[in-house]
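J.: My questions concern the predicted model and sequence given below.
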Amino acid sequence: MSVASNRILIFRLGEIGFLLDLAEVVEVVDQGVDALDPGRSDIGRGIVSALLFRQTWIPVVDPALKLDIFSTMKLKEKTVVVLRGTEGNWALLVDRVSKLSAAEKFQPCEIPFLLKIVALGFYSQIQLLDNEPIIVFEPERYYGSVPLLV
Amino acid sequence: MSRFGLFRIGGFRFAVALEQIKKILQNSKTYKLPHLPGAVTAVLVDAGQLIPLFDLGQMFGAESQGTPGYQVLVESEYGPVALAADMTGKIVTEQKGELSVTVEQGTDFGITGKFVYQSEEYNLLDIDFLAIETTQGFWRNQLDAGGVRRHK
């Protein structure tokens, strides 16, 4: 994903920051726990729950599982970020949404050669914000490559 | 005249040729990233560049205290790397110690020799070897085969 739009959403999994083009975001749901149904999970496909969003059940993906990021937060404490996808809306579980930021504040930063082999399976771009590395979140790595029924 | 930077992390003492040392940072902020190779504990940012931080104490079984300290930025053939160190570094000339470069190959992973200074033995690092081997998956195989000797 290129950081093309003006506004960037930053979310965190554990202490690690990720950025997402705001153009991909439909809504951020802070208190989404009541609308979550873990019974509709499909762990093999990374789907940990379903969210009742605008009268439709949409899949909820926890990227921390794929990224092997440990979080002490319980499901009910997490924030849900609803994204638009080619097959309809879907949602990300994140520990917290930090802030919105202007795209101009980010500086491109090359992934060191020594880390490239392990990183490339999970992310391909990092940007710096106030000297902090923020991973460019690539939604297609987490959902959307196969049809899904929930 | 050769000079060495002498450092320690936990119980592990190491020496780096001064010409390989780019700079020494103190208490630099470090960041976790997903799926870092086992030898890399975090990254730090220096001049807009991401630098992998290696914890040699962990690598060689000499656990560090986890207290803040130095980050020694070293140039390797594969780009700069940072080595975590306690705040006890010094720079000495080769003549002030005794250098041996006769380490048996295969028994001391990433160590090319020893530098003895004031009766303390420092492991002379092969930075290029350590950087590539410990980030590309060979290091664990060496560990499993007993290829790493622990130095205290």
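T.: That came in fine, so what should we check first? This structure is a prediction, so every number in the text was calculated from the model and none was measured. Numbering: from 1, shown residues only, chains lettered A, B, ... in the order given.
J.: For chain A, which segments are assigned as strands?
T.: Along chain A, counting by DSSP state E, strands occupy A:7-13, A:16-21, A:25-29, A:36-37, A:47-53, A:56-61, A:79-85, A:88-94, A:96-102, A:107-109, A:126-129, A:132-136.
J.: Any chance of JSON lines for those strands, columns mean neighbour count?
T.: In short, each C-beta sits where N, CA and C put it, glycine included. Output for the strands of chain A, formatted as JSON lines (neighbours: other Cβ atoms under 10 Å in any protein chain shown):
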{"stretch": "strand A:7-13", "mean neighbour count": "20"}
{"stretch": "strand A:16-21", "mean neighbour count": "21"}
{"stretch": "strand A:25-29", "mean neighbour count": "16"}
{"stretch": "strand A:36-37", "mean neighbour count": "18"}
{"stretch": "strand A:47-53", "mean neighbour count": "21"}
{"stretch": "strand A:56-61", "mean neighbour count": "21"}
{"stretch": "strand A:79-85", "mean neighbour count": "20"}
{"stretch": "strand A:88-94", "mean neighbour count": "22"}
{"stretch": "strand A:96-102", "mean neighbour count": "14"}
{"stretch": "strand A:107-109", "mean neighbour count": "14"}
{"stretch": "strand A:126-129", "mean neighbour count": "20"}
{"stretch": "strand A:132-136", "mean neighbour count": "19"}
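J.: And for B:Glu121, the neighbour number?
T.: Look at B:Glu121: counted by other Cβ atoms under 10 Å in any protein chain shown, it has 15 neighbours.
J.: So for it, what's the pLDDT?
T.: Among the per-residue scores, B:Glu121 holds a pLDDT of 94.
J.: Not counting its own residues, what contacts the helix of greatest length in chain B?
T.: Ranked by number of residues, the top helix in chain B under DSSP state H is helix B:127-135. Applying Cβ atoms under 8 Å, 6 or more residues apart in numbering or on different chains, the set of residues contacting helix B:127-135 from outside is A:114-115, A:117-118, B:16, B:20, B:37-40, B:52, B:54, B:59, B:74-79, B:81, B:109-110, B:139, B:142.
J.: For that helix, output the C-alpha coordinates as PDB.
T.: Only the C-alpha atoms of helix B:127-135 are listed here, as PDB (Å, rounded to 0.1, in the frame of the first residue of the first chain):
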ATOM      1  CA  ILE B 127      30.700  -8.800  12.700                       C
ATOM      2  CA  ASP B 128      30.000  -9.800   9.100                       C
ATOM      3  CA  PHE B 129      29.700 -13.500  10.100                       C
ATOM      4  CA  LEU B 130      27.500 -12.800  13.100                       C
ATOM      5  CA  ALA B 131      25.200 -10.400  11.300                       C
ATOM      6  CA  ILE B 132      24.500 -12.700   8.400                       C
ATOM      7  CA  GLU B 133      24.400 -16.000  10.200                       C
ATOM      8  CA  THR B 134      22.200 -14.900  13.100                       C
ATOM      9  CA  THR B 135      19.600 -13.200  10.900                       C
END
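J.: So what's the gap between it and the chain middle?
T.: Here the centre of helix B:127-135 is set off from its chain's centre by 10 Å, with Cα atoms, centre = their mean, to the nearest Å.
J.: Stretch A:135-145 too?
T.: Centroid separation for stretch A:135-145 versus its chain: 7 Å, with Cα atoms, centre = their mean.
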